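[1] Below is the sequence, then the predicted model.
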Amino acid sequence: MTLTELQALHSLPFFELIQKSRKVHDENWENPEVQLCTLLSIKTGGCSEDCSYCAQSARYNSGVESERLMAKCDIMERAKVAAETGSTRFCMGAAWRGVRGGTQRFEQVLDIIRDVSTLGMEVCVTLGELGPEEAVQLKEAGVTAYNHNLDTSPEHYPNIVTSHTYEDRLRTIGNVQKAGMSVCCGGILGLGETITDRLRMLEVISNFDPQPESVPINSLMPMPGTPLAENPQVDTFDIARMIAITRIAIPKAKVRLSAGRTRLSDEAQALCFFAGANSIFYGDKLLTAKNPTVEKDQVLLAKLGLSPLAPNVPESCAANIESQPVPA
């Protein structure tokens, strides 16, 4: 969609916008299902980048200590628990600028991915910048989706990150698409951006070819020690409005209600689901930030009559899929 079209949607009265987004949602997502994703930080802290919202940057005194890559056995234990509690996508994040083929750490990650891919869940990773060869290797190891958020608009991005460019991020996304992996790409609300910045970001994302398979909508969780530590909380109606516009602009994507859910009431989350969100991160931690507990989410989903969306994994992995428990 164009910026003009997105601005026209944003200017609609709230209820009119929500009605439009719900219609688009129902036309593209027939069943009342939510994708449950578990996110695990497999390598925390010590990142050389200067993303001003991130507690994992080595440039800030955030209190997050640098850790080595987790042992494969520990990651597999967490992945099995995720599968047992209903997650159908397992996402692994590493605090690196990027990965390079032929290095020991990249070979370790590939080995971990091969084992995680046998559990019947979709496998998503976010490892920073990615070259074309590394993208192919990740795909062959069993990665089904690669997360690389744009965060904000091209215009506002230099105010948030200076250690790499917007074009660097777009290049990585292009490499992911060429390798045949799905793209998971969204942004963060609350970075000091304008409404135009939010819509410009969505303009860029909605014009990917093909469009992203999933779009996380994050609300900034200000981290002590980072440059954005004092930024104000994002308004609930702004979050719901952004989700609604995303649903209209990218109708077949899983729109993920991501970071910031701990600050939303059950009623606010229900509004976001009605507006078009159909995916959440599931588990009590998102990399270094808090998240609602599994038990709390199970109760909420049951109240709303929502069930887990089945995993969509390549045929080569289909034989490994076991039935997933449905949260009570």
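    Looks like it arrived, so ask away. Because the structure is predicted, anything quoted here is derived from the model rather than measured. Numbering: from 1, shown residues only.

[2] Quick check: phi and psi on Phe281?
    Main-chain torsions, Phe281, degrees, to the nearest 10: phi -80, psi 140.

[3] Quick check, it in contact with Lys254.
    No - checked against C-beta atoms under 8 Å, the pair Phe281 and Lys254 is beyond contact range at 11.7 Å. Quick note: C-beta positions are derived from backbone N, CA and C, even for glycine.

[4] May I have the beta-bridge partners of the spatially most central residue of the chain?
    By C-alpha atoms, centre = their mean, the mean C-alpha position of the chain lies nearest to Pro216, the distance being 4.2 Å. Here Pro216 sits in beta bridges with Arg256, going by DSSP bridges.

[5] Can you tell me the number of residues neighbouring the closest residue to Asn312 other than its chain neighbours?
    Spatially, and ignoring its direct neighbours in sequence, Asn312 is nearest to Glu122 (6.3 Å; C-beta to C-beta, 6 or more residues apart in numbering). Counted with other C-beta atoms under 10 Å, residues neighbouring Glu122 total 25.

[6] Bridged to Glu122, which residues?
    Arg89.

[7] ok, now how distant is it from Leu36?
    11 Å (C-beta to C-beta, to the nearest Å).

[8] List the residues that are in contact with both of these two.
    88-89 (C-beta atoms under 8 Å, 6 or more residues apart in numbering).

[9] Could you verify my assumption that Thr88 touches Leu119?
    No - at 10.3 Å, Thr88 does not count as touching Leu119 under the criterion of C-beta under 8 Å.

[10] Look at these two and report which has more neighbours.
    Per other C-beta under 10 Å, whichever of Thr88 and Leu119 has more neighbours is Thr88, with 25 against 21.

[11] Please name the nearest non-neighbouring residue to the more buried one.
    That would be Pro311: by C-beta to C-beta, 6+ apart, it lies 3.9 Å from Thr88.

[12] Which stretches in the stretch 1-150 of the chain count as strands?
    Taking DSSP state E, counting those that start in this stretch to define them, one finds strands in the stretch 1-150 of the chain at 33-43, 89-94, 122-126, 145-147.

[13] Check which helices and strands the first one is in contact with.
    Here strand 33-43 touches helix 72-84, strand 89-94, strand 254-257, strand 279-281, strand 285-286, strand 307-308, going by 3 or more C-beta pairs under 8 Å, 6 or more residues apart in numbering; DSSP states H and E.

[14] and Glu16, which of these is closest to it?
    Glu16 sits nearest to strand 254-257 of all those, at 18.9 Å, using C-beta to C-beta.

[15] contacting residues around the closest one?
    35, 37, 186, 213-217, 239, 243, 246-247, 269, 272-273, 276-281, 309.

[16] returning to what we had before: mean pLDDT and distance to Gln56 added to the strands of the stretch 1-150 of the chain, as JSON lines?
    Output for the strands of the stretch 1-150 of the chain, formatted as JSON lines (pLDDT from 0 to 100; distance: least, C-beta to C-beta, whole Å):
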{"stretch": "strand 33-43", "mean pLDDT": "92", "distance to Gln56": "8"}
{"stretch": "strand 89-94", "mean pLDDT": "93", "distance to Gln56": "9"}
{"stretch": "strand 122-126", "mean pLDDT": "96", "distance to Gln56": "12"}
{"stretch": "strand 145-147", "mean pLDDT": "97", "distance to Gln56": "15"}
